[in-house]
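Trainee: For reference, the sequence and a predicted model appear below.
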Amino acid sequence: MSSEIQAIVDINQTAARFKSSIVLRINHIKFVDVKSILGLSITLYRSHDYKLEIHGPDETEARAAMLEVFKKHHLLVQLI
């Protein structure tokens with residue numbers, strides 16, 4: 001499996017573990033639900049300005065896990 005595909009799968013599977021809403025903001029104009037593997041596969045590597053918005057009952061745990069999975073794949077992300 002290519003590293004790009006592995007990153008998409010890992011990010012998607014990590015997000016799916018949480019009840020919180022996890023949205024990836026790309027270039028300040030596009031919003032992608034990271035629980036949607038299709039949305040991730042279309043947009044993840046076309047930009048390098050990633051921002052995550054996480055809201056919900058388990059957002060503290062989700063924030064930590066999402067930062068970890070992005071770091072694992074050498075993708076810079078900012079929590080907003």
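Mentor: Arrived safely.

Trainee: S41 contacts Q6, doesn't it?
Mentor: No: between S41 and Q6 there is no contact under C-beta atoms under 8 Å: 11.9 Å. Bear in mind the C-beta positions are built from the backbone N, C-alpha and C, glycine included.

Trainee: Could you check which of those two has the larger neighbour count?
Mentor: Ranked by neighbour count (other C-beta atoms under 10 Å), S41 and Q6 place S41 first, with 15 against 12.

Trainee: C-terminal to the lowest-mean-pLDDT helix or strand in the chain, what's the next element?
Mentor: For the chain, counting by mean pLDDT, DSSP states H and E, helix 37-43 ranks last in confidence among helices and strands (a mean of 83). Heading C-terminal from helix 37-43, the first helix or strand you meet, by DSSP states H and E, is strand 50-55.

Trainee: In the sheet, which strands lie alongside that next one, parallel or antiparallel?
Mentor: When pairing is defined by DSSP bridges, strand 50-55 lines up against strand 21-26 (antiparallel), strand 77-79 (parallel).

Trainee: do you know which of those lies nearest I54?
Mentor: strand 21-26 (5.1 Å; C-beta to C-beta).

Trainee: What's the mean pLDDT across the closest one?
Mentor: The average pLDDT within strand 21-26 is 91.

Trainee: So for that strand, what gets flagged as buried?
Mentor: Within strand 21-26, the residues scored as buried using 16 or more other C-beta atoms under 10 Å are 22-26.

Trainee: I'd like these as JSON lines, with distance to D49 appended.
Mentor: Below are those laid out as JSON lines (distance: C-beta to C-beta, whole Å):
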{"residue": "I22", "distance to D49": "17"}
{"residue": "V23", "distance to D49": "14"}
{"residue": "L24", "distance to D49": "11"}
{"residue": "R25", "distance to D49": "9"}
{"residue": "I26", "distance to D49": "7"}
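
Trainee: Cool, thanks, signing off.
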